[in-house]
Structure formats: structure tokens, C-alpha cells
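S.K.: Provide a 3D model corresponding to the input given below.
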Amino acid sequence: MILRPVKVAYVKIPKTGSTTMSAAIWRHYGVDPATGSDEVVNLNRRDRLPLIWHGWHVEYRRIAAHLGAEAADYRFFALVREPVSRLVSVYRWQRQKQPGHDGLSSFAHFVETLAERPRALPAQARLHGRPQWSWICGEDATLPPIHLFLLEEFERRRPEIAALLGFDPDYETRNVSEKIAVAVDDATRARIHALYPDDVRLHAAMRADPDRFAAGRGSLPVGDGTERGS
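M.R.: Residues are numbered from 1 along each chain as shown. Now for the predicted structure:
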């Protein structure tokens, strides 16, 4: 989501409180989310991608490529969520939208299908199930200069987000999935961690030093002991 008046770009990662954040922005600018505007830009609409699946979810790389040299003048930000909690939210939302779908019969089966037979799942479930890292990494698979905020720290970080946006958002709209009971056993948790290794490392790094990531100076440790980031 490109906010031209304030030169800010919001990377809307699915199931990270992103609808609440987006709705606050749309409301502030008086924008119809079905269309966007010249001031609040949805690249998926410009690129004619199916909005029923893609909505306003656009990767950092596509936004930066669209802005070109102007990207250096923009501040990017995103919300990040603990990977298991986020995938439970994806599952609940898809169960609500696709009741009776075989790939959604249980959470463990959903994770197994996502890992082994993703095309057996609804298109939106595959999109929402993509790693958070895939939405925010740069073309060179490193972490670009982007302000990252943990969803679990959202209330504490509200003043910093308001400073980025140039206004204090009204967060009244929340896209809450039906709270069906979801049991996460140790084997399923381990499978999620294996499926999303970068998300697990990113979340751990953000928990260890949240201020650094909020300031846009974070980096992601990789397996060889080095770090990749801004």
C-alpha cells in the first residue's frame, strides 16, 4: 500500500492485524478499499490481479520496483506475527470462508497439506500461508530498510506507527476470525517451524531487539552465523 502524501509504504502481510491497519488508513484518507486512489495506491489493482485473493497484499519488492529511484525517499513498514499463531489465524479464516474443504478438516491436516500438497488448498489459503519473510525481503533475499513491529507489541508501538503515518489511526475495524478451538501438538509446531525457518528466526530476532527492528535497522540471522539485513 503506497501512501503518496506522506511517502510511506505499508507492506500488508496477511493475518498480522493487517486489515485493522489498512482500514484505519482507508478511513483516514476516505478511500474505498475496492478501488484505492491516486493518493493511496493498490498495485494489485493496477496489475489486474484478482482482488478477491490478493486484496492489498503486495510484497516489498514490487512496491520498491514500482517506485524506482523514488523508493529511497519512502519509509516502509510492516507488522510481524509469531509464526504458529499466524498460521492458526490463517486456518481459522479459511475454515470460516471455505467450510467443508478437505484440506481444512483439521489444523494438523492443513499444515501437512500446505507443506506437501499446497495446490490442494484454496488459492487464498496458499497466498495467506506464504512466509512473512517472502513479503518483506529484498531482491537479494536480505532484509531491506523497513520498520518492523511485532503484532504482540502493537499497543506499545502505536505512537511510533502514528509518527510514521503522520496521523494517529483509528483502529476500530478488526477482521477477526471465528475463534474455533485449535489444538497445536508438538509435531505440528515442529513442522511449522521447519516450514517457516526464516519467519521463526525473524520473530526471535525481533523479540530479542524490538527497538532495532522498529527503527528500521534490523537484520536476520542465517544458518552460517552471519546476518542479512540493513
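S.K.: which residues does the nearest residue in space to Arg207 that is not next to it in sequence contact?
M.R.: Spatial nearest neighbour of Arg207, excluding adjacent residues (C-beta to C-beta, 6 or more residues apart in numbering): Leu150 at 7.1 Å. C-betas here are computed from N, CA, C, even on glycine. Residues near Leu150 by C-beta atoms under 8 Å, 6 or more residues apart in numbering: Leu79, Val80, Arg81, Arg157, His203, Met206, Arg207, Pro210, Phe213.
S.K.: which residues of the protein fall in strands?
M.R.: Along the chain, counting by DSSP state E, strands occupy 2-3, 8-10, 40-41, 75-80, 147-150, 219-221, 227-229.
S.K.: Tell me which of these approaches Arg130 most closely.
M.R.: For Arg130, the closest of the strands of the chain is strand 75-80, at 13.4 Å, according to C-beta to C-beta.
S.K.: Where does pLDDT dip in this protein?
M.R.: For the chain, applying pLDDT under 70 flags the ranges 51-52, 173-178, 222-227.
S.K.: tell me which residues in the longest helix anywhere in it are buried?
M.R.: Ranked by number of residues, the top helix in the chain under DSSP state H is helix 83-97. Neighbour-count burial for helix 83-97 flags Pro83, Val84, Arg86, Leu87, Val88, Ser89, Val90, Tyr91, Arg92, Trp93, Gln94, Arg95 (criterion: 16 or more other C-beta atoms under 10 Å).
S.K.: Can you get me a residue count around the closest residue to His193 other than its chain neighbours?
M.R.: Closest residue in space to His193, ignoring its immediate chain neighbours: Val200 at 5.1 Å, by C-beta to C-beta, 6+ apart. A count of nearby residues for Val200, using other C-beta atoms under 10 Å, gives 18.
S.K.: pretty sure Val200 is touching Arg189, no?
M.R.: No - under the criterion of C-beta atoms under 8 Å, Val200 makes no contact with Arg189, lying 10.5 Å away.
S.K.: bridging residues for the closest residue to Ala215 other than its chain neighbours?
M.R.: Excluding the flanking residues, the one nearest Ala215 by C-beta to C-beta, 6+ apart is His147, at 6.9 Å. With DSSP bridges as the criterion, His147 is bridged to Phe77.
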